[in-house]
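1. how would this look folded up:
(one chain, ligands or ions: 1)
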Amino acid sequence: MKHSIATRTLALSKPVFTVSLDFELLWGTRDRPYNEAFESLCAIEREKVFDRLLGLLAASRISATWAVVGKLFLQDGGRDPLLHAADLVERIRRCPVPQEIGSHTLTHAEMGKISRREAKAELEGWARLARLAGLEYQSIVFPRNCPGHADVVRESGFRCFRGQERTWYAARPRPLRRLGHLLDIVTARTPQTALPRLEDGLWNIPGSMLYTPAFGVRRFLPVWLRVLRANRGLDRAIGRREVFHLWFHPTDLTRRTDAMLDGLRRIFERAARLRDAGALDILPMRALLPPDLETPREEVVHDAAHR
Ligand SMILES: [Zn+2]
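-> The predicted structure is shown next:
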């Protein structure tokens, strides 16, 4: 197989806390029946969540990775503010603490479910808009964490992605997966941490924990349980010198907004204290990449099989 460079992992000089955000407004639910219900949430995201979230990141000096749906780069004269958001992308770029902007494809396409030609159009279309905006990019988050067409992804200039976290329930049917996820939160089960690993020529920086939205029955889960879980993830990353990768959508903060943002603040502030004490680094995804993909440095890269 062409790019089967085996699995290699990247050893880190320090544990790392990484935050990535899937920024999509209405694009994330366009193909779903509950799309209409999401409209009001996306309006809240725009008006009540976005700036406060950016402010929290800045206050703790955290550079996060914003995986942005390409169509959001457009403004379209203010029509469809839930499908276009050049103004918000500009605010991310003006954040006093630099934020990374990565891809979430052009229209929120599930890469593993489309043809090669469609995948090319999605990524080239995204890259064209990003270049027009003067952005450099290296990171991608696959919509619905559904990877595909690694060769096209590489050719479009990406070097890393957020992989699916490993869970004990991943292969179970959907109701069991939901239950498993709930159980993980209720018991504040320590999230997985990991090292970046090279897969099909792309660095996988696996997700560790979704900051679960307070939608539906999940609104009854107290926010402090999410905070406790995240703290356990940070501790585990420090103990193993690995990456604790927290992720969510800004839309996830549109229910119980004050409590959810306050939970994030507590996680960010603790991570910042650990960073300031020298215990870990807080880095966006692309800052985890080794200097050069083609010639991995032997001292930092080694076969996973030897671990
Ligand atoms: Zn998404």
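2. Excluding sequence neighbours, find me the nearest residue to the residue in the stretch 201-307 of the chain positioned nearest to the ion.
-> Using C-beta to the ion, the single residue of the stretch 201-307 of the chain nearest to the ion is His249, 6.6 Å away. Every C-beta, even on glycine, is put in place using the N, C-alpha and C of the backbone. Counting by C-beta to C-beta, 6 or more residues apart in numbering, the nearest residue to His249 once its immediate chain neighbours are dropped is Asp22, at 4.7 Å.
3. give me the number of residues near that neighbour?
-> Burial measure for Asp22: 26 neighbouring residues, criterion other C-beta atoms under 10 Å.
4. Provide the secondary structure category for it.
-> strand (DSSP: H, G, I helix; E, B strand; the rest coil).
5. Quick check: beta-bridge partners of it?
-> Taking DSSP bridges, one finds Ala67 as the beta-bridge partners of Asp22.
6. List the contacts of it.
-> Asp22 makes contacts with 28, 67, 104, 141, 143, 247-249, as judged by C-beta atoms under 8 Å, 6 or more residues apart in numbering.
7. show me where the stretch 1-150 of the chain has strands.
-> Shown for the stretch 1-150 of the chain, the strands assigned by DSSP state E, counting those that start in this stretch span residues 8-10, 16-23, 65-68, 100-103, 139-140.
8. As a markdown table, those strands with distance to Leu83 and mean pLDDT would be great.
-> Output for the strands of the stretch 1-150 of the chain, formatted as a markdown table (distance: least, C-beta to C-beta, whole Å; pLDDT from 0 to 100):
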| stretch | distance to Leu83 | mean pLDDT |
| --- | --- | --- |
| strand 8-10 | 37 | 90 |
| strand 16-23 | 13 | 98 |
| strand 65-68 | 13 | 98 |
| strand 100-103 | 17 | 98 |
| strand 139-140 | 20 | 98 |
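9. Relative to Trp203, which of those is closest?
-> With C-beta to C-beta as the criterion, Trp203 lies closest to strand 8-10 of the strands of the stretch 1-150 of the chain, at 7.0 Å.
10. Just checking: what are the partner strands of the closest one?
-> Strand 8-10 pairs in its sheet with strand 197-199 (antiparallel), strand 301-303 (antiparallel), by DSSP bridges.
11. What is the neighbour count of the closest residue to Arg236 other than its chain neighbours?
-> Excluding the flanking residues, the one nearest Arg236 by C-beta to C-beta, 6+ apart is Thr193, at 4.9 Å. Neighbours of Thr193 under the rule other C-beta under 10 Å: 26.
12. Does Thr193 touch Leu246 like I think?
-> No. Here Thr193 does not reach Leu246: they are 10.8 Å apart, not a contact under C-beta atoms under 8 Å.
13. circling back to that earlier point, lowest-confidence stretch among the strands paired with strand 8-10?
-> Between these, the lowest average pLDDT goes to strand 301-303, which shows a mean of 45.
14. mind listing what's buried in stretch 270-279?
-> Under the neighbour-count criterion of 16 or more other C-beta atoms under 10 Å, stretch 270-279 has 270-272, 274-275, 279 buried.
15. Quick check: residues of the stretch 51-200 of the chain near the ion?
-> Residues of the stretch 51-200 of the chain that fall close to the ion, judged by C-beta under 5 Å from the ion: Pro143.
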